[in-house]
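Asker: Any chance you can model this:
(chains A and B)
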Amino acid sequence: MNFGENIRLAWEGIRAGKMRAFLTMLGIIIGIASVIGILTLGDGLTGSINDQMSTLGATNIYISLQTKTTEHDGGARSYTESDLISDEMIADLRQRYASSIDYVSLSSHLASGKAKDGDLYANVSVSGINDEYLVANDIEIIRGRGITSADINDNMMIAVVSDKFVNNMFGGDTQLALGQEVSVYSTFEIYTFRIVGVYKYEQTMMNLSMAADVDLQTDVYIPLSTAKKLSNADDGYSSITVVANPEIDSANFATVAKNYLNKYYAENPSFQISAISMESMLSTVDTMMGTVNIAIAVIAGISLLVGGIGVMNIMLVSVTERTREIGTRKAIGATNGDIRMQFVTESVIICLIGGVIGIICGTLLGYFGASLLGVIAFPSAGHIALAVGFSMAIGIFFGYYPANKAAKLDPIEALRYE
Amino acid sequence: MAKKIIEMKGIRKSFYIGEPNELEILHGIDLAVNEGEFVSIVGASGSGKSTLMNIIGVLDRATAGEYMLDGELIEDADDDDLSAIRNRKIGFVFQNFNLIPRTSALLNVELPMMYAGVSKRARNERAKELLALVEMTERAKHMPNELSGGQKQRVSIARAMANDPSIILADEPTGALDSKTGRLVMDLFHKLNKEQGKTIVLITHNPELAAETDRIFTMRDGHLTEEVPE
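Answerer: A predicted model of the protein is given here:
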């Protein structure tokens, strides 16, 4: 029997009942589209998270204060200066593990507000940073200089601002911006700094914002000591970032650093140190995506099962409607195998068309979903091949029973069927 | 002596309508048709005419007896063998045409050749020849629902001829046609019989049509007798 003829017949049959065929396909379309959409979105997200983590610190370890859980927990008290991670502790840690630590990045938030100059304004968040912060966080200085240890020693009233800030305040002229004074109006205070450098603002998953470009809040960096002086802040940190040497296992070192620092907190009744490496966060994200994928696979599986049953149902109807035709075909020499093949082909084609529409819908779904999160994502060739293969398998599996029923019809009965 | 195309000896057919009731429809049929003959089988409904036709057309198996079709013994053949025999040796013409819907006249004629595994080009050529023979060339691309009854029957006769079968088995071929188009169809059968030497078995209850054939067999209560012309 000619395969091309089977395809032509199946196509004619689908065209003759477009609505019916479409409704039959719908289950397959929804199932395949959801799988492809979620896989595309998930791949795009995981890829982009991985990318960003590797550029801005796959080896970062976040060390922070954590309340101890006690049996008679009367509500955690807030930390005081004596609870904070001190400069001495950091110095000790650095000395003890000199070969494992590349940088220690410290920061202290001073204020958020608006920088104003006449009609011009820019939303900013002012933070004090140490001299290693910029390099540890992979922030690129495009004009002027960063914060140096000399600035910190002298409590200099200087600032490093973003290129977006320069766009708002100085029409994008970074050279003009250098040396200018900038006044930041927070709720209670007005701070004035002199601009010494401009850094390149990067949109990341961390600072994702829907705000228009002009309203974007960017960081203004000032010397750490200056920030502390201005805010009368405590001498110490509730959290620090350690950048581990890329040669070592940062997840492992996170535990080592945590245990080391916890020695200082053995006597502390309320607080201890927790440390988490970017690497372990990354694997947590992977595990999460894996779980989401399994959940989606189950939902899609159910949808495809229901879709498959729909296909089977419509094929049974089709066999009944075409009983006379089947009888005629048998009378002129079609074997049972020819008839079976004809109906299986039809069912596979319905499922394949559904699968292809599903892949297209899923790709669009995944693409637009990912672009909302600022990621460009397309389904992989492997996923498309899998979806096509799966649709064909459904067609064969659910088409076989009706096709076999058609093949086994008695030609005399079939020819007599009204 | 002419070659025998159909040779039946003591064909019996019984149906079981739940044990122990056994209903015998054909009580030992003997039938011989020679190559190139145009014969007819007449009989009232319920006489067993259809059952005999199904056995001649290898759509059904006899319960007992021997049936030789064009030198081939139809016995112990499995379903696929029977399909192949129908495909190559028998051309069916039905009362209600039974053309495959949504399939052009040309493709309908090609269909038996497709099941026989004839190449696309060869069957297309042959189908065009056959449509020319039944004067349907102009309608080759038309779908069955765009054809009149007489046109449909001409296409179905072309289809019956597709694999150059040993016999054409026509079951009330004019039953659904008016007398004028019925006449045209009968003329076509005569033409195929005379010009192509086709063996034709016509099943009808119309004695006038039967009278046009070489020999007439009458089915009566499961027995077949030949009318001997005076």
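
Asker: what are the ranges of the helices in chain B?
Answerer: With helices called from DSSP state H, chain B shows them at B:49-56, B:79-89, B:105-115, B:120-133, B:149-160, B:179-195, B:207-211.

Asker: mean confidence for the last one?
Answerer: Helix B:207-211 shows a mean pLDDT of 92.

Asker: What is the distance between it and the centre of its chain?
Answerer: 17 Å (Cα atoms, centre = their mean, to the nearest Å).

Asker: can you pull the buried residues of that helix?
Answerer: By neighbour count on 16 or more other Cβ atoms under 10 Å in any protein chain shown, the buried set for helix B:207-211 is B:209, B:210. Bear in mind the C-beta positions are built from the backbone N, C-alpha and C, glycine included.

Asker: on contacts alone, who are the packing partners of that helix?
Answerer: strand B:38-43, strand B:199-204 (3 or more Cβ pairs under 8 Å, 6 or more residues apart in numbering or on different chains; DSSP states H and E).

Asker: Which residue is the nearest non-sequential neighbour of whichever residue of chain A sits closest to chain B?
Answerer: For chain A and chain B, the shortest gap (Cβ to the nearest Cβ) falls at residue A:333, measuring 2.4 Å. Leaving aside its sequence neighbours, residue A:333 sits nearest to residue B:87 (Cβ to Cβ, 6 or more residues apart in numbering or on different chains; 2.4 Å).

Asker: Report the contact partners of that neighbour.
Answerer: By Cβ atoms under 8 Å, 6 or more residues apart in numbering or on different chains, the contact list for residue B:87 reads A:332, A:333, A:334, B:112, B:115, B:116, B:163.

Asker: Now with 6 Å, please.
Answerer: A:333, B:112, B:115, B:116 (Cβ atoms under 6 Å, 6 or more residues apart in numbering or on different chains).

Asker: all strands for the stretch 151-300 of chain A, in order.
Answerer: Ranges of strands within the stretch 151-300 of chain A are A:158-162, A:181-185, A:190-199, A:218-223, A:239-244, A:271-277, based on DSSP state E, counting those that start in this stretch.

Asker: per-residue confidence at residue 138?
Answerer: If you meant another chain, say so; for now it's chain A. Reported pLDDT for residue A:138: 81.

Asker: Please refer instead to chain B.
Answerer: 95.

Asker: before we move on, what about residue A:297?
Answerer: 81.

Asker: want to throw the strands of the stretch 151-300 of chain A into CSV with distance to residue A:299?
Answerer: Formatted as CSV, those follow (distance: least, Cβ to Cβ, whole Å):
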stretch, distance to residue A:299
strand A:158-162, 43
strand A:181-185, 50
strand A:190-199, 45
strand A:218-223, 41
strand A:239-244, 39
strand A:271-277, 32
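
Asker: Can you tell me the closest non-neighbouring residue to the most centrally placed residue in chain A?
Answerer: Against the mean C-alpha coordinate of chain A, by Cα atoms, centre = their mean, the closest residue is residue A:45 at 2.9 Å. Excluding its sequence neighbours, the residue lying closest to residue A:45 (Cβ to Cβ, 6+ apart) is residue A:375, at 6.2 Å.

Asker: Sticking with the residue nearest to the centre of chain A, tell me its helix or strand.
Answerer: helix A:18-55 (DSSP states H and E).

Asker: quick one: buried residues of that helix?
Answerer: Buried, per 16+ other Cβ under 10 Å, within helix A:18-55: A:21, A:24-46, A:48-49, A:52-53.

Asker: Can you identify the element that follows that helix toward the C-terminus?
Answerer: strand A:60-67.

Asker: tilt between the helix or strand hosting residue A:88 and strand A:239-244?
Answerer: In this structure, residue A:88 sits in helix A:87-96 according to DSSP H and E. Angle, helix A:87-96 to strand A:239-244, by axes from the mean of the first three to the mean of the last three Cα atoms, to 10 degrees: 10 degrees.

Asker: So which other helices or strands are in contact with the following helix or strand past helix A:87-96?
Answerer: Counting by DSSP H and E, the next helix or strand C-terminal to helix A:87-96 is strand A:101-105. Packing partners of strand A:101-105 (3 or more Cβ pairs under 6 Å, 6 or more residues apart in numbering or on different chains; DSSP states H and E): helix A:133-136, strand A:239-244.

Asker: one more time with 8 Å
Answerer: Strand A:101-105 packs on helix A:87-96, helix A:133-136, strand A:239-244, going by 3+ Cβ pairs under 8 Å, 6+ apart.

Asker: among those, which is the most enclosed?
Answerer: strand A:239-244 (a mean of 22; mean count of other Cβ atoms under 10 Å in any protein chain shown).

Asker: Identify the residues contacting that one?
Answerer: With Cβ under 8 Å, 6+ apart as the test, strand A:239-244 has contacts from A:57, A:59-65, A:85, A:90, A:93, A:100-106, A:136-137, A:250, A:253, A:257, A:277.

Asker: Pairing partners for it, with directions?
Answerer: strand A:60-67 (antiparallel), strand A:101-105 (antiparallel) (DSSP bridges).

Asker: now the helices of chain B in a markdown table, with distance to residue A:269?
Answerer: Formatted as a markdown table, those follow (distance: least, Cβ to Cβ, whole Å):
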| stretch | distance to residue A:269 |
| --- | --- |
| helix B:49-56 | 99 |
| helix B:79-89 | 88 |
| helix B:105-115 | 89 |
| helix B:120-133 | 90 |
| helix B:149-160 | 98 |
| helix B:179-195 | 108 |
| helix B:207-211 | 114 |
